[in-house]
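Asker: Would you be able to build a 3D model of this:
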Amino acid sequence: MATVELIGIRKAFGPSVALEDFSLSINSGELVCLLGPSGCGKTTALRILAGFERPDGGSVEVDGRDLADDPPEKRQFGMVFQDYSLFPNMTARQNIDFGLKVQKRPAAERATIIERMIEVTGLQEQVDKYPHQMSGGQKQRVALARAIATSPKVLLLDEPLSALDAKVRETLRDEIRRLQLEIGVTTVFVTHDQHEALAIADRVGVMSNGRLEQLAPPQELYENPANEFVASFIGTVNKLPAVGTDDGRWQVLGRSVPASVTSSAGEANTAAVRPEQIALDPVPGGPAHVVSVSFLGPMTRVILQDDELGRVVADIISADATGLVPGQDVRARLRDDVSEAVLIGPR
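Answerer: Next comes the predicted model:
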């Protein structure tokens, strides 16, 4: 296991700046996801960490050692690419063995490690198959086993699940997390899928335009976004008016609640309100009407059109949503169990 530091990284490709003053600290044994829209710089950050790109400024350190002059093959990292990059003329076993041969491990040691990798990745039925004989999920497991077999200091995963269908993605996402915890390797996982990141990461770094907007555990990121971009990018959010009251609290959807910032009377701000934080009361002639009702299992999503607020999204426990129909008049309010407003900027 190893600690990782990217400090003040800058990288430009011609006039286009991919990373600007990008800094990231990763603890030993931690899994950190870099998350953001296409073009935000997350893959560039990974490639600089791997040594495939050299930064224009800043430094990369592992366990306190600057890796600036180390080529990729000297960094002792494992990497899984989006297309897996398996050797097509090698079986699963031979692919896993490749890195061990490069390290000149003894044959008996290699055999023990390969059997262990086959066991933990569930590849017993595929060991003698070639990549073209395997499914996407099986090839992904081989790529993981190959990367982990060499006991890397750091494991780098570049959108390894993006080519798979939804059900396989979910299964292998959990498999990656299980393996990472079992092996204990420090891991950086790049993805554009927020559900993927929130499900497996110890911390998630949300990126935008080459900068790290927020780095936090998944729950904190969801419940306390640092700014409007993070609030909008993570999950669904309603951006609703928050008005300061005489006692320093904020009036949001009919309730007075505190926030991290004390208000002054009449001050205008914007609150990030998640759909599940909203309750609906049927009120004939109320200020909002139901546009659509979508059953999602335990929750029902209700889209409203409010006279003052515009479009509002509410997620109601399905047992409490019985009877809600399009066209119905309602009033939206902040649920009683919401104890604090999350403010994301002036209105």
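Asker: Tell me the first helix or strand C-terminal of the longest helix seen in the chain.
Answerer: Longest helix of the chain, by residue count under DSSP state H: helix 166-183. Per DSSP states H and E, helix 166-183 leads on to strand 186-191 as the next helix or strand towards the C-terminus.
Asker: Show me how far the helix or strand following that next one is from its chain's centre.
Answerer: Going down the chain from strand 186-191, the next helix or strand is helix 194-200, by DSSP H and E. Between the centre of helix 194-200 and the centre of its chain there are 4 Å (CA atoms, centre = their mean, to the nearest Å).
Asker: Return the set of buried residues in the worst-scoring helix or strand of the chain on mean pLDDT.
Answerer: Using mean pLDDT, DSSP states H and E, helix 166-183 stands out as the lowest-scoring helix or strand of the chain, at a mean of 83. Judged by neighbour count using 16 or more other CB atoms under 10 Å, the buried positions of helix 166-183 are V168, R169, L172, R173, E175, I176, R177, L179, Q180, I183. Glycine gets a C-beta too; all of them are placed from N, C-alpha and C.
Asker: same thing with stretch 131-151?
Answerer: Judged by neighbour count (16+ other CB under 10 Å), stretch 131-151 contains these buried residues: 131, 134, 137-150.
Asker: farthest-separated two in those residues?
Answerer: G137 and T150 (22.1 Å; CB to CB).
Asker: From the structure, what's the count of residues near R47?
Answerer: Residues near R47, counting by other CB atoms under 10 Å, number 19.
Asker: need the contact list for it.
Answerer: E53 (CB atoms under 8 Å, 6 or more residues apart in numbering).
Asker: So which residue is dead centre in the chain?
Answerer: For the chain, the residue nearest the mean C-alpha position is A197 (2.4 Å; CA atoms, centre = their mean).
Asker: Skipping adjacent residues, who's closest to it in space?
Answerer: C33 (3.8 Å; CB to CB, 6 or more residues apart in numbering).
Asker: For the stretch 51-200 of the chain, give me the ranges with low pLDDT.
Answerer: Applying pLDDT under 70 to the stretch 51-200 of the chain flags the ranges 163.
Asker: The stretch 101-250 of the chain: helices as residue ranges?
Answerer: Assigned by DSSP state H, counting those that start in this stretch, the helices in the stretch 101-250 of the chain fall at 107-121, 136-149, 166-183, 194-200, 218-223, 228-233.
Asker: circling back to that earlier point, adjacent strands (with direction) for whichever helix or strand the residue nearest to A197 is part of?
Answerer: According to DSSP H and E, C33 maps onto strand 31-35. Each strand paired with strand 31-35, and its direction, by DSSP bridges: strand 186-191 (parallel), strand 203-208 (parallel).
Asker: Just the CA trace of that strand, in CSV.
Answerer: Presented in CSV, the C-alpha positions along strand 31-35 are these (Å, rounded to 0.1, in the frame of the first residue of the first chain):
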residue,chain,number,x,y,z
LEU,A,31,-10.1,4.0,-3.1
VAL,A,32,-10.6,7.4,-4.6
CYS,A,33,-12.9,8.0,-7.6
LEU,A,34,-12.3,10.9,-9.9
LEU,A,35,-15.7,11.9,-11.3
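Asker: What average pLDDT does that strand get?
Answerer: Mean per-residue pLDDT for strand 31-35: 97.
Asker: That strand vs helix 166-183, what angle?
Answerer: Counting by axes from the mean of the first three to the mean of the last three CA atoms, to 10 degrees, strand 31-35 points 140 degrees away from the direction of helix 166-183.
Asker: Check the offset of strand 31-35 from the chain's centre.
Answerer: Distance, stretch centre to chain centre, for strand 31-35: 6 Å (CA atoms, centre = their mean).
Asker: Quick one: residues in contact with that strand.
Answerer: Here strand 31-35 makes contact (CB under 8 Å, 6+ apart) with 24, 26, 42, 45-46, 177, 180, 186-194, 196-197, 200-207, 215, 233.
Asker: cool, stretch 280-298 as well?
Answerer: Where contact means CB under 8 Å, 6+ apart, the residues beyond stretch 280-298 that reach it are 300-309, 311-312, 314-318, 321, 323-333.
Asker: which among these end up buried?
Answerer: Neighbour counting by 16+ other CB under 10 Å classes 300-302, 304, 306, 309, 312, 314-316, 321, 324, 328, 330-333 among the contacts of stretch 280-298 as buried.
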